[in-house]
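**Q** Show me how the following folds:
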Amino acid sequence: MSNRDHSERKSEIDFLKAAQKINNNMIFIAITIIVVVALIAMTGVYYEYW
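**A** Next comes the predicted model:
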(Lines give C-alpha, C1' and ligand atoms only; values in the text may rest on other atoms or scores of the structure.)
Protein backbone atom coordinates (compact mmCIF):
# COMPACT_ATOMS: atom_id res chain seq x y z
CA MET A 1 0.00 0.00 0.00
CA SER A 2 2.80 2.44 0.74
CA ASN A 3 4.30 1.68 -2.68
CA ARG A 4 1.02 2.71 -4.30
CA ASP A 5 0.90 5.92 -2.26
CA HIS A 6 4.49 6.67 -3.23
CA SER A 7 3.76 6.19 -6.93
CA GLU A 8 0.68 8.42 -6.69
CA ARG A 9 2.71 11.14 -4.99
CA LYS A 10 5.44 10.82 -7.61
CA SER A 11 2.91 11.16 -10.42
CA GLU A 12 1.40 14.24 -8.73
CA ILE A 13 4.85 15.80 -8.39
CA ASP A 14 5.64 15.03 -12.03
CA PHE A 15 2.34 16.59 -13.09
CA LEU A 16 3.03 19.74 -11.08
CA LYS A 17 6.54 20.00 -12.54
CA ALA A 18 5.12 19.66 -16.06
CA ALA A 19 2.44 22.26 -15.34
CA GLN A 20 5.05 24.65 -13.95
CA LYS A 21 7.26 24.15 -17.01
CA ILE A 22 4.33 24.88 -19.34
CA ASN A 23 3.47 27.97 -17.28
CA ASN A 24 7.06 29.22 -17.50
CA ASN A 25 7.08 28.68 -21.27
CA MET A 26 3.81 30.60 -21.66
CA ILE A 27 5.21 33.52 -19.65
CA PHE A 28 8.35 33.55 -21.79
CA ILE A 29 6.31 33.50 -25.02
CA ALA A 30 4.05 36.31 -23.76
CA ILE A 31 7.03 38.49 -22.82
CA THR A 32 8.63 37.81 -26.20
CA ILE A 33 5.46 38.81 -28.05
CA ILE A 34 5.14 42.00 -25.99
CA VAL A 35 8.76 42.94 -26.73
CA VAL A 36 8.32 42.31 -30.47
CA VAL A 37 5.12 44.39 -30.58
CA ALA A 38 6.83 47.20 -28.65
CA LEU A 39 9.77 47.16 -31.08
CA ILE A 40 7.43 47.30 -34.07
CA ALA A 41 5.54 50.22 -32.48
CA MET A 42 8.79 52.08 -31.74
CA THR A 43 10.05 51.68 -35.29
CA GLY A 44 6.69 52.91 -36.55
CA VAL A 45 6.98 56.02 -34.41
CA TYR A 46 10.62 56.53 -35.41
CA TYR A 47 9.87 56.36 -39.13
CA GLU A 48 6.72 58.45 -38.58
CA TYR A 49 4.27 55.87 -39.93
CA TRP A 50 1.86 56.78 -37.13
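
**Q** Next one: Ile33 from Ile22, what distance?
**A** Ile33 is 16 Å from Ile22, where distance means CB to CB, to the nearest Å. Where C-beta positions appear, they are placed from N, C-alpha and C, glycine not excepted.

**Q** Could you pull out the helices in the chain for me?
**A** Ranges of helices in the chain, per DSSP state H, are 2-46.

**Q** can you list the weak-confidence ranges in it?
**A** When residues are selected by pLDDT under 70, those of the chain lie in 1-11, 49-50.

**Q** Could you report the distance from Ala30 to Met42?
**A** Following CB to CB, the distance that separates Ala30 from Met42 is 19 Å.

**Q** again, but for Glu12
**A** In terms of CB to CB, Glu12 sits 45 Å off from Met42.

**Q** How about Ala18?
**A** 36 Å.

**Q** Could you do Val36 as well?
**A** Distance from Val36 to Met42, by CB to CB: 11 Å.

**Q** same check, this time on Ile27
**A** Distance of Ile27 to Met42, given as CB to CB: 22 Å.

**Q** same check, this time on Lys17
**A** From Lys17 across to Met42, the span is 38 Å (CB to CB).

**Q** And Ile29, by the same measure?
**A** From Ile29 over to Met42 (counting by CB to CB), the distance is 20 Å.

**Q** what do you get for Met26?
**A** Per CB to CB, Met26 is found 25 Å from Met42.

**Q** same question, Val35
**A** For Val35, the distance to Met42 (CB to CB) stands at 10 Å.

**Q** Over to Ile31?
**A** Distance, Ile31 to Met42, by CB to CB: 16 Å.

**Q** Over to Ile22?
**A** Per CB to CB, Ile22 is found 31 Å from Met42.

**Q** chain center to stretch 16-24, what's the gap?
**A** Centroid displacement of stretch 16-24 relative to its chain, using CA atoms, centre = their mean, to the nearest Å, is 8 Å.

**Q** what sits up against stretch 23-34?
**A** Outside stretch 23-34, no residue is within contact range by CB atoms under 8 Å, 6 or more residues apart in numbering.

**Q** buried set for that stretch?
**A** By neighbour count with 16 or more other CB atoms under 10 Å, stretch 23-34 contains no buried residues.
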